[in-house]
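Novice: Return atomic coordinates for the entry below.
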Amino acid sequence: MKYIPKIAVAFWFLLLLAAATGSSVSAAGMVSNVQPITQWDMLWNSTPQEGSLPKPPADSEDWKQVGSDEVPNNRPTSSTSAWIRMTLPELGSETPAILLENVYGRHVILYKDGIIVYESFRSYNYEQNKILLPLDREDSSKKLYIWTDSRMERIGISGEVLAGDQRELMNIMIQKDLFDVILGSAFILVALTLAMCSTFLFKPNLSVWLSLCAVILAIGLLILTYSPFLFTFYREYGELYLALFDIALFLLPPSLALFFEQMLGDIAYIRRFRKWLTFYSVVCLLLMTVNLLTLERYYRLYYGASVTMLGLQLMALLIFLMVASLKRAWKGDREAVILSVGFACFAAASISELLWFYIRQGHYNLFLWKWGVVGFVISLITILGRRLAEKHRQVVQYSQELEMFNNELQRSEKMEIISDLAASVAHEVRNPLQVTRGFLQLMSGKEEGKNRDYLQIALEELDRASNIITDFLTFAKPEFEHIKILHIDDEFRHIEGIISPMANLQGGKIYLDIPTDLAVKGNSSKFKQAFINIIKNSIEALGDEGQIHIRAYRTGNEVFIHIRDNGEGMDAQTLTRLGEPYFSNKTKGTGLGMMVTFRIIEAMDGRITFTSAKGVGTESTIRFPAAGTSPVPHS
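Specialist: Have a look, this model is predicted:
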């Protein structure tokens, strides 16, 4: 997962580079000495006999004027070729040239002054030709004849025809298609990187991840191999480019349907359509193989199945997926909202361009769908990023809970050991202590001077030992014999009377803010013992003019009691050890007082938590089930 940020950075860098390329293209297109040619003449022609070259025809009334944005029509059924005649503008550059952005045809020949100046023939079915023809100044106002032969319905010129300086036209020619190469390569790189990262995923997440990789890989291959750049500068690998384009086209619909099926849930009509698209893609792949092995003898059948029929099915799929994602988004699913926005860009651009492509009978180069793809893929990566972030949050939460449960288990084991020890030893130890104390008390009444002081010290230490044993017994047997309804206000008034003198000696004050209607169930003496321990710790932590605020309130079925002081506070490590046996940050502390407090509160089905900061103070929060309610389960 650590590679995901790097993928995102690389992806955005490539997109910015592509955007910069696009900006330079626009700037190049605004050069002042580049002149567009917007009209030319066109003449349908029959295919010449094999072995002979066509010759430019003479002037006749059969020539028809065509604009750059018009689709040639009235094509004779027997005609597979056409002549195009255009008048060159005034050429003022030292190195003039003409750029034909797109000439449809497998065999294209250019004539100037009746002489062939350019010829291109391709053995594979890619008929978009981008031609940059050098000229001379003397060619101004001359006629340029173009003969093109095509097996497809498309024939003629599509796109811009520009005349100007050869270097500037070369920049336009390269930069205009370089964007497709960069964008397609970026998607392929992202797909391959994501596929490598998928090896670290668990099986439940693997299918959605791999389907996303297949979608991004197919889109990247479509963009890259659809671009004329490769066919113009590396035309010897044209058959490979076409095969990759078709394979990507067959891969995209089923993988896209599978991804949406897993993202949106098992939707019946999407699942059935995905199975059909998978079957149809396999059929198209077999047709492609047969067509290649038979030297394109079944090209018409293959073209109809792989372009016309598959394109219509892709439009239907996009509509189905858009409807499904909008339904989920309408229900408030955030991921569905993100997916709908990104997919709407892709679907709207793709469907509109495919419709326009069919309306113009193939005389249209798709380009808007690439920008829709960018928005769509960004939305997909955003959704997966959200899911990974959520998984990471859950892992952190589970780790924290596991650490808490581990600490609680260790504490429980320690408590169990102390409980067993206390139950078995405390009574046996207390009896000889009481006997010893009695004899020492008798002896102290008869002694004088230093011996009496020593005996008094011994009695105090025996009392201290007795108190420790009492704490042991309280911990070992926290059950209460006399349980009744305790009114919080009354209990704390008694506690205040007991503890206030100690607070006054420390220079501190106690403030109570407790309503009279709060009550819990428990044993009054144990309740007082627990809170006296807590308040004593707060008093001992006070400095000059210290304050202790005690407030209580009810929320739902629980009563909350907060005890906050402005004493010296504790660090995080001390907080985590509160309640452990024998842990105390006081020099004369036994470490059993807070342990007993925790035990009493737990026996009353309560919970206690502490928040503290060094130099700020400490606040303890205790919560009990309100009287008349069921205990709240511990979490």
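
Novice: Quick check: the gap between residue 598 and residue 569.
Specialist: To residue 569, residue 598 is 20 Å away according to Cβ to Cβ, to the nearest Å. Every C-beta, even on glycine, is put in place using the N, C-alpha and C of the backbone.

Novice: Of the two, give the one with the bigger neighbour count.
Specialist: Counted by other Cβ atoms under 10 Å, residue 598 and residue 569 do not tie: residue 598 has more neighbours, with 22 against 18.

Novice: Help me confirm that the more buried one comes into contact with residue 607.
Specialist: No: counting by Cβ atoms under 8 Å, residue 598 does not reach residue 607; the two are 9.7 Å apart.

Novice: phi, psi of residue 550?
Specialist: The phi/psi pair for residue 550 (degrees, to the nearest 10) reads phi -120, psi 120.

Novice: got the contact list for it?
Specialist: For residue 550, the contacting residues are 492, 510-514, 535, 561-564, by Cβ atoms under 8 Å, 6 or more residues apart in numbering.

Novice: Show me what it bridges to in the sheet.
Specialist: Beta-bridge pairing for residue 550 (DSSP bridges): residue 512, residue 563.

Novice: Read off the pLDDT value for it.
Specialist: Note on residue 550: pLDDT of 92.

Novice: I'd like the distance between the closest residue to residue 267 other than its chain neighbours and residue 343.
Specialist: In space, residue 267 comes closest to residue 324 once its chain neighbours are excluded; the distance is 5.6 Å by Cβ to Cβ, 6 or more residues apart in numbering. Separation of residue 324 from residue 343 (Cβ to Cβ): 10 Å.

Novice: cool, residue 509 as well?
Specialist: 65 Å.

Novice: of the two, who's got more company?
Specialist: Set side by side, residue 509 and residue 343 show more neighbours around residue 343, with 24 against 14, by other Cβ under 10 Å.

Novice: quick one: strands adjacent to the helix or strand harbouring residue 163?
Specialist: Assigned by DSSP states H and E, residue 163 belongs to strand 161-165. Sheet partners assigned to strand 161-165 using DSSP bridges are listed as strand 35-36 (antiparallel), strand 96-104 (antiparallel).

Novice: Deepest-packed of those, please.
Specialist: Ranked by mean neighbour count, these are led by strand 96-104 with a mean of 23 (mean count of other Cβ atoms under 10 Å).

Novice: Which residues does that strand contact?
Specialist: With Cβ under 8 Å, 6+ apart, strand 96-104 has contacts from 37, 88, 127-137, 139, 144, 146, 148, 150, 152, 154-166, 169-170, 172-173, 176, 228, 363, 365.

Novice: what do you get for stretch 245-262?
Specialist: 207-208, 211-212, 214-215, 217-222, 225-226, 267, 270-271, 273-274, 277-278, 281-282, 284-285, 288, 306, 310, 313-314, 317, 321, 324-325, 380.

Novice: Now do the buried residues in that stretch.
Specialist: 245-261 (16 or more other Cβ atoms under 10 Å).

Novice: just stretch 142-162 next, same as before
Specialist: 143-152, 154-162.

Novice: What is the end-to-end distance of it?
Specialist: With Cα to Cα, to the nearest Å applied, stretch 142-162 spans 15 Å between its terminal residues.

Novice: please begin residue numbering at 660 from this point
Specialist: OK, 660 is where the count begins now, so the last one is stretch 801-821.

Novice: Give me the distance from stretch 748-766 to the chain's centre.
Specialist: The chain centre lies 48 Å from the centre of stretch 748-766; the measure is Cα atoms, centre = their mean, to the nearest Å.

Novice: Rounded mean pLDDT for that stretch, please.
Specialist: For stretch 748-766, the mean pLDDT works out to 89.

Novice: Just the C-alphas of stretch 737-753, formatted as PDB.
Specialist: Extracted in PDB, the C-alpha atoms of stretch 737-753 (Å, rounded to 0.1, in the frame of the first residue of the first chain):
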ATOM      1  CA  SER A 737     -18.600   0.700 -57.700                       C
ATOM      2  CA  SER A 738     -16.100   3.400 -56.700                       C
ATOM      3  CA  THR A 739     -13.400   2.600 -54.100                       C
ATOM      4  CA  SER A 740     -11.200   5.600 -54.800                       C
ATOM      5  CA  ALA A 741     -11.400   9.400 -55.200                       C
ATOM      6  CA  TRP A 742      -9.400  12.400 -56.500                       C
ATOM      7  CA  ILE A 743      -9.000  15.600 -54.400                       C
ATOM      8  CA  ARG A 744      -7.800  18.800 -56.000                       C
ATOM      9  CA  MET A 745      -6.800  21.900 -54.000                       C
ATOM     10  CA  THR A 746      -5.200  25.200 -54.800                       C
ATOM     11  CA  LEU A 747      -2.100  26.000 -52.800                       C
ATOM     12  CA  PRO A 748      -2.100  29.500 -51.200                       C
ATOM     13  CA  GLU A 749       0.600  32.100 -51.400                       C
ATOM     14  CA  LEU A 750       3.700  30.500 -49.900                       C
ATOM     15  CA  GLY A 751       5.900  33.200 -48.200                       C
ATOM     16  CA  SER A 752       8.100  31.000 -46.000                       C
ATOM     17  CA  GLU A 753      11.700  30.000 -47.000                       C
END
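
Novice: which of the residues in it are buried?
Specialist: Quick answer for stretch 737-753 (16+ other Cβ under 10 Å): 739-745, 747-748, 750, 752.

Novice: Also stretch 1276-1290?
Specialist: 1276-1279, 1281-1286.

Novice: now stretch 1147-1156
Specialist: Residues of stretch 1147-1156 classed as buried: 1147, 1150-1151, 1154 (neighbour count, 16+ other Cβ under 10 Å).

Novice: chain center to stretch 1170-1181: distance?
Specialist: Worked out by Cα atoms, centre = their mean, stretch 1170-1181 lies 49 Å from the chain centre.

Novice: Check what contacts it and list those residues.
Specialist: 1139, 1142-1148, 1151-1152, 1155, 1186, 1206-1213, 1218, 1263, 1283-1286.

Novice: Which of those residues fall in helices?
Specialist: For the contacts of stretch 1170-1181, membership in helices holds for 1147-1148, 1151-1152, 1155, 1186, with DSSP state H as the criterion.

Novice: Pick out the most distant pair among those.
Specialist: Spanning the widest gap among the ones in helices among the contacts of stretch 1170-1181 are 1155 and 1186, at 13.8 Å by Cβ to Cβ.

Novice: name the helices or strands packed onto the helix or strand where residue 1232 lies?
Specialist: Secondary structure from DSSP H and E places residue 1232 in helix 1231-1236. Where contact means 3 or more Cβ pairs under 8 Å, 6 or more residues apart in numbering; DSSP states H and E, helix 1231-1236 is packed against strand 1266-1272.

Novice: Now the strand it packs on: buried residues?
Specialist: Going by neighbour count (16+ other Cβ under 10 Å), the buried part of strand 1266-1272 is 1266-1267, 1269, 1271.

Novice: can you list those in TSV and add pLDDT and distance to residue 1118?
Specialist: Conversion of the buried residues of strand 1266-1272 to TSV gives the following (pLDDT from 0 to 100; distance: Cβ to Cβ, whole Å):
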residue	pLDDT	distance to residue 1118
1266	90	39
1267	89	34
1269	88	35
1271	87	36
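
Novice: ok, and what's touching stretch 696-714?
Specialist: Taking Cβ under 8 Å, 6+ apart as the rule, stretch 696-714 contacts 716, 719, 721-727, 731, 733-735, 737-748, 757, 768, 773, 775, 806, 808, 815-816, 820-822.

Novice: correction: stretch 743-751
Specialist: Contacts of stretch 743-751 (Cβ under 8 Å, 6+ apart): 692, 694, 696, 698-702, 715, 722, 725, 757, 794-796, 798-807, 815-816, 820, 822.

Novice: residues near residue 954, how many?
Specialist: Residues lying near residue 954 (other Cβ under 10 Å) number 9.

Novice: now the helix or strand where residue 1189 lies, how far from the chain's geometric center?
Specialist: Using DSSP H and E, residue 1189 sits within helix 1183-1200. Computed by Cα atoms, centre = their mean, the chain-centroid distance of helix 1183-1200 equals 50 Å.

Novice: what do you get for stretch 1055-1069?
Specialist: Taking Cα atoms, centre = their mean, one finds stretch 1055-1069 lying 27 Å from the centre of the chain it belongs to.
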